[in-house]
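Chemist: predicted structure and sequence below. I'll ask about it afterward.
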Amino acid sequence: MTESLDSTVPYHELLYSMIRLRAVEETIAERYAEQEMRCPVHLSSGQEGVSAAVGACLGPKDMAVSGHRAHIHYLAKGGSLKRMLAEIYGRQTGCSSGKGGSMHLIDETVGFKGSTAIVGGTIPLGVGLGLSIALKKTKEISVIFLGDGAVEEGVFYEAANFAALKKLPVLFVCENNFYSVYSPIAYRQPSGRKIHEMVKGIGLDSHFGDGNDVVATYKMCSSAVERIRNGEGPVFLEFETYRWREHCGPNYDNDIGYRTEREYLNWLDRDPLVKFIAWLKNNDLIADAQISQMKEQINAEVTEAFDYARNSLPPKAEDAFTHLYSKGGKV
């Protein structure tokens, strides 16, 4: 990290958020073998910098949508850890009433409008949310979290084009972790293509950043959010980042051939949390005692949230027929 000190950056808030997001994902990984979380999980360990930075730039009335790797997006938007874990455990106290699981999180109380396992599936919904904001002439924004694989879906181009055409208050946040399941980006996109440059051709203000540098990421997000709130149209931000664990599940998969152990270790050396803590210490912005206190508070919260989820009741059988829609109206 080479960022200079800036009084507008919420350094401690960013650190607390990153430690918390890492603790949640790693605890899910540790406890997954207990087989009480009865749904697939797509973890984001190593990618916390982007979510922490974006979340710190948003207000409670802003809205967000995501894809299958949505845990830390939901939490960074202000989502309830207890309700998220209860959802993963399939309990009626979950944010989706225990019906959605890890990949289908929704919590309208914090403006998190949903995530889905369908790659690119929420992109047009996020643009639609932006249209609703524009029609109401309010200052909120709609954030769309997507991966590099989502820009290979036709719906992305339709949605991005519409957002640009109508100058909608939409922030596209592309976390480029180089893989779509087990396929590296070189197998999926033409050599030499840069996603943010391609998107600029659609008409979006587009920028690129290092997602492992949380301060630079925050500044880029903050500038983009300000531009959008000022009515200057949508912004697309691409951040390089890297997931440590397997595509789906709590383990590591560097042995199956689609990526190497050396590549993983190189990215591990760029750990956004370790880099940020070292930078804060070097600039005398935090002490070990403060970090220990943060971790203690977070560990207590995580433990309490897991206990809450495990002790909550599963949905009742009749709940299978709630939140359904028919041709004649709501059931």
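Modeler: Noted; the coordinates are in hand.
Chemist: Leu85 is in contact with Ala309, isn't it?
Modeler: Yes - using CB atoms under 8 Å, Leu85 is in contact with Ala309, at 3.8 Å. C-beta coordinates here come from the backbone N, C-alpha and C atoms, glycine included.
Chemist: show me which of those two is the more surrounded one.
Modeler: Ranked by neighbour count (other CB atoms under 10 Å), Leu85 and Ala309 place Leu85 first, with 28 against 23.
Chemist: ok, the more buried one - contacts?
Modeler: Neighbour list for Leu85: 28, 305-306, 308-309 [criterion: CB atoms under 8 Å, 6 or more residues apart in numbering].
Chemist: could you rerun that using 10 Å?
Modeler: Neighbouring residues of Leu85 by CB atoms under 10 Å, 6 or more residues apart in numbering: 24, 27-28, 31, 37, 71, 91, 93-95, 102, 302, 305-310, 312.
Chemist: overlap in contacts of Leu85 and Ala309?
Modeler: Common contact partners of Leu85 and Ala309 (CB under 10 Å, 6+ apart): 37, 91, 93-94.
Chemist: show me the strands in the stretch 1-150 of the chain, by range?
Modeler: In the stretch 1-150 of the chain, the segments counted as strands under DSSP state E, counting those that start in this stretch are 63-66, 112-115, 142-147.
Chemist: Phe236 versus the closest residue to Arg91 other than its chain neighbours, what's the distance?
Modeler: Once flanking residues are discounted, Arg91 sits nearest to Ser312: 3.7 Å by CB to CB, 6 or more residues apart in numbering. Noted for Ser312: a distance of 39 Å to Phe236, by CB to CB, to the nearest Å.
Chemist: what helix or strand is the spatially closest residue to Tyr11 that is not a sequence neighbour located in?
Modeler: Nearest residue to Tyr11, sequence neighbours excluded (CB to CB, 6+ apart): Leu285, at 5.5 Å. Using DSSP states H and E, Leu285 is not contained in any helix or strand.
Chemist: and the helices in this structure?
Modeler: Under the criterion DSSP state H, the chain contains helices at 11-31, 48-57, 71-76, 81-88, 123-136, 154-166, 195-200, 214-229, 261-268, 272-282, 288-311.
Chemist: make TSV from those and add mean pLDDT and distance to Asn251 to it.
Modeler: Below are the helices of the chain laid out as TSV (pLDDT from 0 to 100; distance: least, CB to CB, whole Å):
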stretch	mean pLDDT	distance to Asn251
helix 11-31	98	8
helix 48-57	98	19
helix 71-76	98	17
helix 81-88	98	17
helix 123-136	98	29
helix 154-166	98	30
helix 195-200	97	28
helix 214-229	98	26
helix 261-268	96	13
helix 272-282	97	21
helix 288-311	98	20
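Chemist: redo the ones you listed as TSV? Include distance to Leu324.
Modeler: Formatted as TSV, these follow (distance: least, CB to CB, whole Å):
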stretch	distance to Leu324
helix 11-31	29
helix 48-57	32
helix 71-76	23
helix 81-88	18
helix 123-136	19
helix 154-166	25
helix 195-200	37
helix 214-229	35
helix 261-268	43
helix 272-282	41
helix 288-311	25
